[in-house]
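S.K.: Need the 3D shape of this:
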Amino acid sequence: MSTQPGPGGQSQPYGHQPYGDQPQPYGSTQHPQPYGSTQDPQPHAGTHPVPYGLNPGYQQQAAAIAVLGKKSSGLAAVLSLLLVGAGQMYCGRVGRGLAFLGGYVVSVLLMFVVIGFLLAPVVFIWALVDAINLANRHNAELLQRLTFGQTFH
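M.R.: From the prediction side, this is the model:
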């Protein structure tokens, strides 16, 4: 094996370079890397690695969907307080909201037969709690889709 003189006159094999003897610019905080290292000493500013198979604009798309698609459980509750079933409609479940509204109307009509006095508050509270749960479930599903990188239609 051939050798070449290294620092201090010691012989070293060809291709081996002394670690840390490379000149650094004044004020540099960059630590020297051994030759052949694939590590990038300073990552490019403002860029993030993109998972395989995703387009580079995915992060902006995901952030916009998260902001625009998120449902407020407080707003769903207020809407449900104003009109039974409106909280469900706000969460995108129009048929479910109309069913709650119809159930509430029927329970109010049954107040003439006394059972409505028991049934109306039950439907009202059930619709309120359901609207809050729907908003929270919608947000959890949205977060799961964003985390696993599914596409949106």
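S.K.: For stretch 71-87, list every residue counted as buried.
M.R.: Neighbour-count burial for stretch 71-87, counted by 16 or more other C-beta atoms under 10 Å, picks out 71, 73, 76-77, 79-80, 84-87. Quick note: C-beta positions are derived from backbone N, CA and C, even for glycine.
S.K.: Report the spatially closest residue to residue 71, excluding sequence-adjacent ones.
M.R.: Spatial nearest neighbour of residue 71, excluding adjacent residues (C-beta to C-beta, 6 or more residues apart in numbering): residue 135 at 4.2 Å.
S.K.: how about the helices in this structure?
M.R.: All helices of the chain, identified by DSSP state H, fall at 58-69, 73-82, 86-90, 94-109, 115-147.
S.K.: any chance of those helices in CSV, plus mean pLDDT?
M.R.: Rendered in CSV, the data for those read as follows (pLDDT from 0 to 100):
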stretch, mean pLDDT
helix 58-69, 66
helix 73-82, 96
helix 86-90, 96
helix 94-109, 96
helix 115-147, 92
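S.K.: Angles on the backbone of residue 93, please.
M.R.: phi -110, psi 70 (degrees, to the nearest 10).
S.K.: May I have the residues that are in contact with it?
M.R.: Residue 93 is in contact with residue 134, counting by C-beta atoms under 8 Å, 6 or more residues apart in numbering.
S.K.: one step back: out of the buried residues of stretch 71-87, which is nearest to residue 139?
M.R.: residue 71 (6.1 Å; C-beta to C-beta).
S.K.: What score does that closest one have for pLDDT?
M.R.: Note for residue 71: predicted pLDDT of 92.
S.K.: hang on, isn't it packed against residue 137?
M.R.: No - counting by C-beta atoms under 8 Å, residue 71 stays clear of residue 137, with 9.3 Å between them.
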